[in-house]
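S.K.: here is my input; please provide its structure:
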Amino acid sequence: MAPTIHFLLPPKSLLHRLGMSPLPRFYNTGAECSQLIEAEGLTTSKDTHNLSTKSNPPTLFEIFKQQRFQLPTPRIDTSFRLYNPLHFFKMESDPQKLVQIFKQSAEQQRFRRLETPYNVAVKKLAFAKQFDAIEEILEHSLQVSKPCSEAFIIRIIMLYGLAGMPQHAIKTFNKMKSLNISPTIKSFNALLNALVKSKNPKLAHDFYKDIDNFGVSANVKTYTIVVKAICKMNEHESALSFLDEMRKHGCEPDVFTYNAILSALYQQGKYKEADDLLGKVTETFPPNVVTYNIRMCHLCDCNKSSDAQKLFDEMVSKGLKPNILTFNALIAGFCKENNMTEAKRIFSDISCKGCDPNAQTYYTIIYFSSKEGDIDTAYEFCMESMRRDWMPYFSIAKVLIDGLVKNNKVENAREVIEGMKKKLPVSCHKELENLC
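M.R.: Predicted coordinates for the structure are as follows:
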């Protein structure tokens with residue numbers, strides 16, 4: 001008899017409290033601009049939380065009442081097991097076991113509806129360079145998803161883009177007709193987005209040129225993704241010219257389209273061109289949060305974090321709600337200017353503005369506190385980060401561990417290493433040991 005695994009999935013608020021969210025990488029404020037457009041909604045990820053209907057599982061009310069969420073170690077057997085699969089995928093360091101449990105979990109339709117476990121598993125396997133394993137779990141999910149929907153195909157395409165596997169994304173798109181699914185502009189846009197995410201902007205541009213062969217018509221999101229691809233090829237003038245092509249096809253650029261070009265211009269150091277374009281854009285469209293974030297990142301890159309703070313105040317006064325990228329830009333900017341006091345003040349204001357810190361917020365403070373010699377603060381933030389399942393990257397952990405050892409806090413350094421070993425793949429353990 002095949003083993004059965006039962007799931008009791010907590011609501012999103014509890015997942016966040018437990019720190020169960022994807023691991024963003026550590027970016028400086030300049031590189032962060034490239035993420036701003038994505039954060040505005042070219043792709044979205046929403047989890048659907050379902051409760052098991054099996055007999056007598058503990059209720060969410062009971063869990064909340066006890067103020068705990070205990071997860072027994074998952075095992076594959078024929079007896080009843082209750083655990084959170086997302087927590088398991090983040091904790092499991094053996095890729096083979098992760099694949100084994102993932103494939104069995106994917107047999108259940110309610111599991112396949114959840115996007116976050118897929119994102120976490122793919123990111124973790126990609127970090128360990130287990131690309132065959134990624135193909136195995138995603139192709140298995142396609143096989144067991146009968147009938148398969150376009151929405152699920154889109155998710156698989158985007159996951160291949162996340163893993164940096166562009167040819168697999170293309171292959172998945174091309175097999176849609178064999179699955180009796182007619183591609184629409186949504187799946188075509190997903191493919192373009194996946195190719196851009198996997199650092200293949202030219203390939204995305206080439207696919208757009210063949211759009212007529214796919215029987216779909218471009219919309220504003222299609223053009224925005226293509227503009228982003230052209231910008232990533234460092235051809236901002238071509239991107240501006242492409243706006244005329246949009247208009248010829250009866251599609252007007254929107255604020256998101258212009259944001260993509262603004263971000264590229266600032267990153268390439270073409271400040272005058274960016275400011276000129278910004279002036280034209282604000283005459284037509286009111287700037288949104290992403291527009292402000294791009295400008296603030298630019299100011300922080302130029303060691304003008306105080307001016308970025310003024311821009312922040314202007315944004316809030318206009319009724320725009322800052323997101324975590326806004327705060328991260330300011331924190332990183334003040335950290336680079338060695339103003340850790342102001343950086344910590346901004347960190348303390350995050351929750352007051354209805355926002356929550358993410359992994360990048362912690363990584364920034366860990367890194368710069370370590371460099372400034374404030375080892376106690378760096379250690380405190382590192383331990384809190386790991387409690388949230390946010391493992392600092394080696395380049396950040398090394399600075400902290402070196403500081404701890406230098407200050408005769410070897411036990412704390414070992415504690416950081418052992419904490420990371422528990423949650424990173426076995427293939428990373430040797431490199432972790434070399435940090436101390």
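S.K.: for the stretch 151-300 of the chain, what spans make up the helices?
M.R.: Assigned by DSSP state H, counting those that start in this stretch, the helices in the stretch 151-300 of the chain fall at 166-174, 185-197, 201-209, 220-232, 236-248, 255-267, 271-284, 289-301.
S.K.: quick one: buried residues of stretch 315-324?
M.R.: Using 16 or more other Cβ atoms under 10 Å as the burial criterion, the residues of stretch 315-324 that qualify are 315, 320, 322-324. Where you see a C-beta, it was placed from the backbone N, CA and C, and this is true even at glycine.
S.K.: can you put the helices of the stretch 151-300 of the chain in a markdown table and add mean neighbour count?
M.R.: Formatted as a markdown table, the helices of the stretch 151-300 of the chain follow (neighbours: other Cβ atoms under 10 Å):
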| stretch | mean neighbour count |
| --- | --- |
| helix 166-174 | 19 |
| helix 185-197 | 24 |
| helix 201-209 | 18 |
| helix 220-232 | 24 |
| helix 236-248 | 15 |
| helix 255-267 | 25 |
| helix 271-284 | 14 |
| helix 289-301 | 25 |
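S.K.: re earlier: between the buried residues of stretch 315-324, which is closest to residue 288?
M.R.: Within the set of the buried residues of stretch 315-324, residue 320 lies nearest residue 288; the separation is 7.0 Å, counting by Cβ to Cβ.
S.K.: ok, and the closest non-adjacent residue to the closest one?
M.R.: Nearest residue to residue 320, sequence neighbours excluded (Cβ to Cβ, 6 or more residues apart in numbering): residue 289, at 5.3 Å.
S.K.: gap between the residue lying closest to residue 338 once chain neighbours are set aside and residue 195?
M.R.: On the basis of Cβ to Cβ, 6+ apart, the spatially nearest residue to residue 338 that is not a chain neighbour turns out to be residue 372, at 6.7 Å. Plainly put, residue 372 is 40 Å away from residue 195 if you go by Cβ to Cβ, to the nearest Å.
S.K.: how about the strands of this protein, start to end?
M.R.: When secondary structure is read from DSSP state E, the chain shows strands at 6-7, 82-83.
S.K.: and those, which one averages the lowest pLDDT?
M.R.: Within the strands of the chain, the stretch with the lowest mean pLDDT is strand 6-7, showing a mean of 34.
S.K.: okay, now the unreliable bits of the chain?
M.R.: Residue ranges of the chain with pLDDT under 70: 1-93, 425, 427, 435-436.
S.K.: for the residue nearest to residue 338, grab the count of nearby residues.
M.R.: Residue 372 is flanked by 14 other residues according to other Cβ atoms under 10 Å.
S.K.: same check, this time on the one 5 residues further on
M.R.: Close neighbours of residue 377, defined as other Cβ under 10 Å, add up to 17.
S.K.: again, but for residue 163
M.R.: Using other Cβ under 10 Å, residue 163 has 23 other residues around it.
S.K.: what's the local residue count around the residue lying closest to it once chain neighbours are set aside?
M.R.: Nearest residue to residue 163 in three dimensions, chain neighbours excluded: residue 126, at 4.5 Å (Cβ to Cβ, 6+ apart). Using other Cβ under 10 Å, the number of residues around residue 126 comes to 17.
S.K.: would you confirm that residue 126 contacts residue 161?
M.R.: No - under the criterion of Cβ atoms under 8 Å, residue 126 makes no contact with residue 161, lying 10.9 Å away.
S.K.: the residue nearest to residue 218 when sequence neighbours are not counted: what's it in contact with?
M.R.: Using Cβ to Cβ, 6+ apart and skipping residues adjacent in sequence, the residue nearest residue 218 is residue 211, 5.9 Å away. With contacts defined as Cβ atoms under 8 Å, 6 or more residues apart in numbering, residue 211 is in contact with 188, 217-218, 222.
S.K.: any figure for the gap between residue 196 and residue 308?
M.R.: Applying Cβ to Cβ, one obtains 27 Å for the distance of residue 196 from residue 308.
S.K.: likewise for residue 397?
M.R.: Residue 397 sits 28 Å away from residue 308, going by Cβ to Cβ.
S.K.: for residue 261, which non-adjacent residue is closest in space?
M.R.: In space, residue 261 comes closest to residue 239 once its chain neighbours are excluded; the distance is 5.2 Å by Cβ to Cβ, 6+ apart.
S.K.: nope, residue 311 is what I meant
M.R.: For residue 311, ignoring the flanking residues on the chain, the nearest one in space by Cβ to Cβ, 6+ apart is residue 296 at 5.4 Å.
S.K.: now for the one you found: which residues touch it?
M.R.: Residues 308, 311-312, 326, 329-330, 333 are the ones in contact with residue 296 under the rule Cβ under 8 Å, 6+ apart.
S.K.: relative to residue 247, which of those residues is nearest.
M.R.: Distance from residue 247 was checked for each of those by Cβ to Cβ. The minimum falls on residue 311, at 30.4 Å.
S.K.: I appreciate the help and will end here.
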